[in-house]
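Engineer: 3D model of this:
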Amino acid sequence: MEKIPFIFILLLLFSCENRGSKKSEPIQTKINKLTEFEFSEEMHNFGSLQSGEIVIYTFEFKNIGNSNLIVNSIDSDCGCIKAEFSQKPVPPGGSGRIEIEFDSSGLWGKQFKSIEIHANTEKPKQLAIFAEVQNEELEIIY
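Structural biologist: This next block holds a predicted model:
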């Protein structure tokens, strides 16, 4: 009877031996390589506008990195801005455009709006637009 636990332990040890098992290889995950892009202009001044005017400006850039540029999203600090990206992905040495539409409806005075471009770059890229909006309905008299 005393041999039964001993035999059980031996069977357990031998059944767990490593029989030609392969080493597990690390799982490769596809990570987008970082790249760089350069804009010909990072700020644009629309000048004087009447409230309600909708104006458009196109920011042009070049991919100066060594891998494809992929724009993930374009954010703005105002609902008055719509952004459209021209091409996905932009190859190294290639160029692209980001079209910004600014709706001045309901605005008044000096306006500064920022646009943030999230891409496979080290940091998001910041663009800006300016305008002086005239609004007769919101005239403030001092």
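Engineer: all contacts plus neighbour counts: C-alpha atoms, from now on.
Structural biologist: Noted.
Engineer: Tell me which helix or strand the spatially closest residue to residue 81 that is not a sequence neighbour sits in.
Structural biologist: Nearest residue to residue 81, sequence neighbours excluded (Cα to Cα, 6 or more residues apart in numbering): residue 102, at 4.8 Å. Using DSSP states H and E, residue 102 sits in strand 95-103.
Engineer: Residue 75 too?
Structural biologist: Remark: residue 75 resides in strand 71-76, with elements defined by DSSP H and E.
Engineer: Go ahead and measure how far that strand is from the middle of the chain.
Structural biologist: 5 Å (Cα atoms, centre = their mean, to the nearest Å).
Engineer: Give me the distance between the residue nearest the centre of the chain and residue 74.
Structural biologist: Nearest to the mean C-alpha position of the chain, by Cα atoms, centre = their mean, lies residue 118 at 1.8 Å. Distance, residue 118 to residue 74, by Cα to Cα, to the nearest Å: 6 Å.
Engineer: Give the helix, strand or coil label for residue 137.
Structural biologist: With DSSP: H, G, I helix; E, B strand; the rest coil as the basis, residue 137 sits in helix.
Engineer: Name every strand pairing with the strand holding residue 75 and say which way it goes.
Structural biologist: In the sheet, strand 71-76 lines up against strand 109-119 (antiparallel) (DSSP bridges).
Engineer: Tally up the residues packed near residue 110, please.
Structural biologist: Using other Cα atoms under 10 Å, residue 110 has 12 other residues around it.
Engineer: now do the one 4 residues further on
Structural biologist: One way to gauge burial is a neighbour count; for residue 114, by other Cα under 10 Å, it gives 15.
Engineer: so the residue nearest to residue 39 when sequence neighbours are not counted is in which element?
Structural biologist: By the measure of Cα to Cα, 6+ apart, the closest residue to residue 39 outside its immediate chain neighbours is residue 61, 4.1 Å from it. Assigned by DSSP H and E, residue 61 belongs to strand 54-63.
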